[in-house]
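Visitor: Got a predicted model here, sequence first, then my questions.
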Amino acid sequence: MEYLGLLLGFVCLIKGADFFVDGASSLAKKLGIPAVLVGLTIAAIGTSLPEASVSVISALHHNGEIAISNVVGSNLFNTLMVIGCCALIFPIQVGSELKNRDIPFNMIISALLFLFAIGCRQLNRISGSILLIGLIAYLVFICKSTPIEKESQKEAILAPWKIFVYIVLGLIAIVCGGQLVVNNATTIATDLGWSQTLIGVTIVAIGTSLPELVTSLVACKKGESGLGLGNAVGSNIFNILFILGISSTIMPYAVNMESVVDCFLVLIVSILLFGISRNSVISKKEGLALILLYVLYSIYVFLR
């Protein structure tokens, strides 16, 4: 029964995020906010809502292990599996903004997270506030540095009542889905004798990363592998700054040694991504290598 509840939770999270993003995007367009800024802010945060819901609810329930392992597991999955699968389907052309701005920034905040984890062995309100300030600074920078072009044709906008319904139903589904995932994942971990860190870094992390995986694979299928890379990297940045920032500000929690190791691995793979992106292309061989690294990591977390 717990497995069905977990599955239902993932469905609620994913569909809830879809509804929220559609409603919020239409509201922004109705208010005259440029589409590019909608994509950089509302859509980016929207795809991170499943992870945010799980981590915040976990923190409120004093399940800090799931809160942080969900994020580090998602970032490892995004970098190794999502980007790896995209590169395996079609070599990824790395755009200049991703190469010179987003990928280096992802590496910097991964290092910051590791320093918080190993130095303080907890994420408290001070570190959470620093991460949220970093998020605001990042959003301001990309909004100012991204050229805004006038829309050539008006996109379809939802009716006002639909916008309200989409946003409200989306938020309800996200909160309920997060509650289902946290409660059932905790029960499953206890029944199987698994630690909350293990269940968070595997089942919960992969489940909440499904929107990024699907979006990136669809982009690759359409020949837009660069979009898949941007989606994965952007998700990593928001996972650390937005999710860990807001969850630890609401309810500080300790970081156990397993999560410290995972934070270190997040830093290592972010450095690896930085290195392979320097040639402005991520090849199929490099994509396969990333996938194999995730397989090795999966074996490691089950054996430790």
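Guide: Sure thing, it's come through.
Visitor: only C-alpha atoms for contact and neighbour calcs from this point on.
Guide: Fine.
Visitor: For the stretch 201-304 of the chain, which segments count as strands?
Guide: 253-254, 281-282 (DSSP state E, counting those that start in this stretch).
Visitor: okay, these in CSV with mean pLDDT and distance to I133 next?
Guide: Converted to CSV, the strands of the stretch 201-304 of the chain look like this (pLDDT from 0 to 100; distance: least, Cα to Cα, whole Å):
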stretch, mean pLDDT, distance to I133
strand 253-254, 84, 19
strand 281-282, 90, 31
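Visitor: With distance to Y166 as extra columns, can I get those in JSON lines?
Guide: Output for the strands of the stretch 201-304 of the chain, formatted as JSON lines (distance: least, Cα to Cα, whole Å):
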{"stretch": "strand 253-254", "distance to Y166": "33"}
{"stretch": "strand 281-282", "distance to Y166": "37"}
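Visitor: Redo these as CSV? Include mean neighbour count and distance to I172.
Guide: Below are the strands of the stretch 201-304 of the chain laid out as CSV (neighbours: other Cα atoms under 10 Å; distance: least, Cα to Cα, whole Å):
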stretch, mean neighbour count, distance to I172
strand 253-254, 20, 25
strand 281-282, 21, 39
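Visitor: how about these, which one is nearest I291?
Guide: Nearest to I291 among these is strand 281-282; the distance by Cα to Cα comes to 12.9 Å.
Visitor: Contacts only, for C176.
Guide: 9, 12-13 (Cα atoms under 8 Å, 6 or more residues apart in numbering).
Visitor: Just give the closest residue to the most centrally placed residue in the chain, not the sequence neighbours.
Guide: Ranked by distance to the mean C-alpha position of the chain (Cα atoms, centre = their mean), the top residue is S235 at 3.8 Å. Distance criterion Cα to Cα, 6 or more residues apart in numbering; nearest residue to S235, sequence neighbours excluded, is S48 at 6.4 Å.
Visitor: right, and the one you found touches I237 too?
Guide: No: counting by Cα atoms under 8 Å, S48 does not reach I237; the two are 9.8 Å apart.
Visitor: okay, now I133: neighbour count?
Guide: A count of neighbours around I133, defined by other Cα atoms under 10 Å, yields 15.
Visitor: Summarise which helices and strands the helix or strand hosting it is packed against.
Guide: Assessed by DSSP states H and E, I133 sits inside helix 125-145. Contacts defined by 3 or more Cα pairs under 8 Å, 6 or more residues apart in numbering; DSSP states H and E place helix 125-145 against helix 245-250.
Visitor: what does the helix it packs on contact?
Guide: 52, 55-56, 59-60, 67, 123-132.
Visitor: Stretch 195-210 now?
Guide: Counting by Cα under 8 Å, 6+ apart, 10, 13-14, 50-51, 63, 65-67, 69-74, 77-78, 181, 185-186, 189, 258-259, 298, 301-302 sit against stretch 195-210.
Visitor: related to what we said a few turns ago, tell me how far the residue nearest to S235 lies from G84.
Guide: 20 Å (Cα to Cα, to the nearest Å).
Visitor: ok, the two, which is more surrounded?
Guide: Comparing S48 with G84 by other Cα under 10 Å, the one with more neighbours is G84, at 29 against 25.
Visitor: Verify the stated contact: L60 with M251.
Guide: Yes: using Cα under 8 Å, L60 is in contact with M251, at 6.2 Å.
Visitor: more crowded one of these two?
Guide: M251 (19 against 16).
Visitor: check which helix or strand covers the residue nearest to that one when sequence neighbours are not counted.
Guide: Distances taken as Cα to Cα, 6+ apart place A59 nearest to M251, at 5.7 Å, with adjacent residues excluded. Under the criterion of DSSP H and E, A59 resides in helix 49-60.
Visitor: Next secondary structure element downstream of that helix?
Guide: Beyond helix 49-60 on the C-terminal side, the first helix or strand identified by DSSP H and E is helix 64-76.
Visitor: Remind me what that following helix packs against, helices and strands.
Guide: On a contact count with 3+ Cα pairs under 8 Å, 6+ apart, helix 64-76 meets helix 49-60, helix 196-199, helix 205-208, helix 225-238, strand 253-254, helix 257-276.
Visitor: Which of these sits closest to L88?
Guide: helix 225-238 (10.1 Å).
Visitor: same for that closest one, what does it pack against?
Guide: Counting contacts by 3+ Cα pairs under 8 Å, 6+ apart, helix 225-238 is packed against helix 44-47, helix 64-76, helix 83-89, strand 92-93, helix 103-120, helix 210-221.
Visitor: Dump the third one to PDB, keeping only the CA atoms.
Guide: Right, helix 83-89. Taking Å, rounded to 0.1, in the frame of the first residue of the first chain, the C-alpha atoms of helix 83-89 are listed here in PDB:
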ATOM      1  CA  ILE A  83      22.800  15.000 -19.200                       C
ATOM      2  CA  GLY A  84      24.400  11.600 -19.900                       C
ATOM      3  CA  CYS A  85      21.200  10.300 -21.600                       C
ATOM      4  CA  CYS A  86      20.900  13.500 -23.600                       C
ATOM      5  CA  ALA A  87      24.500  13.300 -24.800                       C
ATOM      6  CA  LEU A  88      24.100   9.600 -25.700                       C
ATOM      7  CA  ILE A  89      21.100  10.400 -27.900                       C
END
